[in-house]
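Chemist: I'll drop the sequence and a predicted model, then ask my questions.
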Amino acid sequence: MDLSPVRLSLETSVVATAVVAVAGTLAAGWRIRRRGVALELLDGVFLLPLVLPPTVVGFLLLLVLGRTSPLGNLLYELGARLVFSWPATVIAASVTTFPLMYMTSRAALEQVEGPLVEAARTLGASEKRIFREILLPLAWPGLAAGMVLTFARALGDFGATLILAGDIPGRTQTLPLAIFFAVESGDTAEAVRWSLVTVGISLVALGALNLWTRHRKGLAMRVVQQD
Amino acid sequence: MNHMLRKSAVRFLLATGVLLASAGVVGTQQAPGQITVAAAISMKDALESIEQAFEGRAGTPKVVFTLGGSGILEKQIEEGAPVDVFISAAPAQMNTLEEKGLLLAGTRRDVARNRLVLVVPVGSRLVKSVEDLKKPQVRTIAIGETRSVPAGQYAAEALHNLGLFDQLAPKFVYAQNVRAVLAYVAGKDADAGFVYETDAKISDQVTIAAPVPDSSYAAVVYPAAVIRSAPNTAGARKFVEFLGTPEAQAILEKFGFRSPLK
């Protein structure tokens, strides 16, 4: 039995979760210190991947990164083959999950904003230090929740991945794609097998992530108490 | 995952329904004067033209299409989708329904034929024959998924018979239906792709690089039949019969299909 869909799904979800955790938290940290109409619009753009059907997200990504677009052509000339490659699965999963991480971490960071941050600021702490030593540890439970959501959604991405990365067994065929084509070709046994594997991975990974974040939360609380 | 799949399938159907409704085609309910035709997406443009001719006749029901890959349509019918007529891009899916007793006996007929061609993006001079796909400059070849998409099954059969399949397989990107193959080639994201002659003709962003030798694959035949549990059997019969008339055949030929008899 070829286990490449399992390996690819895990690799894609883990890398996408890492990318989105950093990007989403930084974007949220940058955003909460600013106000303005333009930024509200930007929020709308950040949320688009959640509002649009994944297939549409994949299609738009293909338009932007495909060879007929200026950007896609530039990348092609530079020798980067994004479309139909493994990185395309990460891009697809990252874009579709970004809003989840952004919204969750923004809410979490905003919860912390207030007297504590003001106090640190009056005591001369830099914004970077405030972010690293106050906001992040205190917002950790929310950030962790965002990461759990991101991983879960990344593992399940189908539409965006299929369109941008195509279906290439051993290279871009993640579990959802393997299941889809098994169903379409009438191979119910294979579809059921992959579905059970997906359920298994979800339970194990989410359980582990929950344990780890609880552990981290304990550490984070100790850091704050020591200060 | 199954749940999600079903959800996305339902969402797709809903979206299709909403689109048709906004075009003023669908009433609020499955009225007696209406039939649902599940058809291979490669027939989309020809069927829309046939629909107009059919509905122009007296005493005909309104036609609502649900278009997709033949494999998923066949599955949906198996699961009890309220479909009146099925038009498949290959006999295999129709055979499955027939074996399961889901077709109305005596209504199955071949309505069109097609040919498989190799297409490249407009302006590409890389490929002039199927053999040329071996060139190292050809990096990506789009092909319908070879187990579920008829166009992919035909292409795989042809490449096996030409002795090229194993050599080319590492370059394949599999698509969920033949129109996706066309889109990948039209967008230059694939260097070449296998589609039907009729699909190649609807896009001005691709050109036919070479026909696939006829002798290398089974004839591409489109069978149609009335579904046994059709909500509107009478209307469905009329539509399938209409597909065989000279009028409908002329429309099919206009879109590049060949007559099933020739």
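Modeler: That came in fine, so what should we check first? Numbering: from 1, shown residues only, chains lettered A, B, ... in the order given.
Chemist: quick one: the strands in chain B?
Modeler: B:34-40, B:62-68, B:85-87, B:109-114, B:116-121, B:141-144, B:172-175, B:192-196, B:206-211, B:220-226 (DSSP state E).
Chemist: Which residues of chain B lie near chain A?
Modeler: B:1-2, B:4-5, B:8, B:11, B:69, B:71-72, B:74-75, B:96, B:139-140, B:142, B:145, B:147-149, B:172-176, B:180, B:184, B:187-190 (CB under 8 Å from any CB of the partner chain). Glycine gets a C-beta too; all of them are placed from N, C-alpha and C.
Chemist: for the most centrally placed residue in chain B, which residues make a bridge with it?
Modeler: Nearest to the geometric centre of chain B sits residue B:40, at 2.9 Å (CA atoms, centre = their mean). For residue B:40, the beta-bridge partners are residue B:68 (DSSP bridges).
Chemist: If I look at it, what pLDDT would I see?
Modeler: Model confidence at residue B:40, expressed as pLDDT, equals 90.
Chemist: hang on, isn't it packed against residue B:86?
Modeler: No: the criterion here is CB atoms under 8 Å, and residue B:40 misses it with residue B:86 at 9.2 Å.
Chemist: okay, and the common contacts of these two?
Modeler: Taking CB atoms under 8 Å, 6 or more residues apart in numbering or on different chains as the criterion, residue B:40 and residue B:86 both touch residue B:73.
Chemist: Mind listing what's buried along whatever helix or strand residue A:12 lives in?
Modeler: Taking DSSP states H and E as the criterion, residue A:12 maps to helix A:4-31. For helix A:4-31, the neighbour count (16 or more other CB atoms under 10 Å in any protein chain shown) marks A:5-6, A:8-9, A:12-13, A:15-17, A:19-21, A:24-25, A:27-29, A:31 as buried.
Chemist: Repeat that for stretch B:244-254.
Modeler: B:248, B:249, B:251, B:252.
Chemist: quick one: stretch B:113-125 to chain centroid distance?
Modeler: Distance of stretch B:113-125 from the chain centroid (CA atoms, centre = their mean, to the nearest Å) equals 17 Å.
Chemist: just stretch A:126-140 next, same as before
Modeler: Counting by CA atoms, centre = their mean, stretch A:126-140 comes out at 21 Å from the chain centroid.
Chemist: now swap in stretch A:189-196 and tell me
Modeler: 25 Å.
Chemist: Buried residues, it. List them.
Modeler: Those would be A:190, A:191, A:194, A:195, for stretch A:189-196 by 16+ other CB under 10 Å.
Chemist: what does chain A have sitting close to chain B?
Modeler: So chain A meets chain B at A:53, A:62, A:66-68, A:81, A:83-84, A:156, A:158-159, A:162-163, A:166-169, A:172, A:175-176, A:179-181, A:183-187, A:191, A:194-195, A:198-199 (CB under 8 Å from any CB).
Chemist: Going through the residues you listed, which ones are buried?
Modeler: A:62, A:66-67, A:83-84, A:156, A:158-159, A:162-163, A:166-169, A:172, A:175-176, A:179-181, A:183-187, A:191, A:194-195, A:198.
Chemist: and stretch B:231-249, what's its mean pLDDT?
Modeler: 95.
Chemist: So what touches it?
Modeler: B:30, B:32-37, B:50, B:53-54, B:57, B:59-61, B:63, B:82, B:84-85, B:87, B:104, B:107, B:109, B:111, B:224-227, B:230, B:259.
Chemist: Next, count neighbours for residue B:84.
Modeler: 27 (other CB atoms under 10 Å in any protein chain shown).
Chemist: Just confirm it contacts residue B:39, I think it does.
Modeler: No: using CB under 8 Å, residue B:84 makes no contact with residue B:39, being 11.3 Å away.
Chemist: coming back round to it: save the buried residues of stretch A:189-196 as JSON lines, and put in secondary structure too.
Modeler: Listed next are the buried residues of stretch A:189-196 as JSON lines, based on DSSP: H, G, I helix; E, B strand; the rest coil:
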{"residue": "A:190", "secondary structure": "helix"}
{"residue": "A:191", "secondary structure": "helix"}
{"residue": "A:194", "secondary structure": "helix"}
{"residue": "A:195", "secondary structure": "helix"}
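Chemist: Tell me which two in those are the farthest apart.
Modeler: Greatest spacing in these, by CB to CB: A:190 and A:195 (9.5 Å).
Chemist: sorry, back to before: from the contacts of stretch B:231-249, which would you call buried?
Modeler: Here, 16+ other CB under 10 Å leaves B:34-37, B:50, B:54, B:60-61, B:63, B:84-85, B:87, B:104, B:107, B:111, B:224-227, B:230 buried among the contacts of stretch B:231-249.
Chemist: Chain B: helices as residue ranges?
Modeler: Remark: helices assigned in chain B by DSSP state H are B:2-22, B:44-55, B:70-78, B:91-99, B:150-161, B:165-168, B:178-186, B:197-202, B:233-243, B:246-254.
Chemist: ok so, going back, what's near enough to touch the residue nearest to the centre of chain B?
Modeler: B:67, B:68, B:69, B:70, B:73, B:87, B:88, B:89, B:150, B:222.
Chemist: Pull up the gap between it and residue A:33, please.
Modeler: According to CB to CB, to the nearest Å, residue B:40 and residue A:33 sit 55 Å apart.
Chemist: just residue A:6 next, same as before
Modeler: 42 Å.
Chemist: and if you look at residue B:161?
Modeler: In terms of CB to CB, residue B:161 sits 66 Å off from residue A:33.
Chemist: so of the buried ones among the residues of chain A next to chain B, which ones are in helices?
Modeler: Using DSSP H, those in helices are A:62, A:156, A:159, A:162-163, A:175-176, A:179-181, A:183-184, A:191, A:194-195, A:198.
Chemist: Which residue in the residues you listed has the weakest pLDDT?
Modeler: Out of those, that is residue A:184, at 76.
Chemist: list the contacts for that one?
Modeler: B:69, B:71, B:72, B:75, B:145, B:147, B:148, B:149, B:176.
Chemist: So which of the contacts of residue B:40 is the closest to chain A?
Modeler: If you rank the contacts of residue B:40 by distance to chain A using CB to the nearest CB, residue B:69 comes first, at 6.5 Å.
Chemist: so what's the closest residue to that closest one other than its chain neighbours up against?
Modeler: Among residues not flanking residue B:69 along the chain, residue B:177 sits closest, at 4.2 Å (CB to CB, 6 or more residues apart in numbering or on different chains). By CB under 8 Å, 6+ apart, the residues touching residue B:177 are B:41, B:42, B:68, B:69, B:144, B:149, B:151.
Chemist: Tabulate the residues you listed (JSON lines), appending neighbour count.
Modeler: Below are these laid out as JSON lines (neighbours: other CB atoms under 10 Å in any protein chain shown):
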{"residue": "B:41", "neighbour count": "21"}
{"residue": "B:42", "neighbour count": "31"}
{"residue": "B:68", "neighbour count": "23"}
{"residue": "B:69", "neighbour count": "27"}
{"residue": "B:144", "neighbour count": "30"}
{"residue": "B:149", "neighbour count": "32"}
{"residue": "B:151", "neighbour count": "31"}
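Chemist: Now do stretch A:95-109, average pLDDT.
Modeler: 95.
Chemist: Closest one to chain A out of the buried residues of stretch B:244-254, please.
Modeler: residue B:252 (25.9 Å).
Chemist: surely that closest one meets residue B:50?
Modeler: Yes: counting by CB under 8 Å, residue B:252 does reach residue B:50; the two are 7.4 Å apart.
Chemist: In the chain, where is pLDDT below threshold?
Modeler: Going with chain A. For chain A, the stretches flagged by pLDDT under 70 are A:1, A:217-227.
Chemist: try again with chain B
Modeler: In chain B (pLDDT under 70), the answer is B:1-32, B:261-262.
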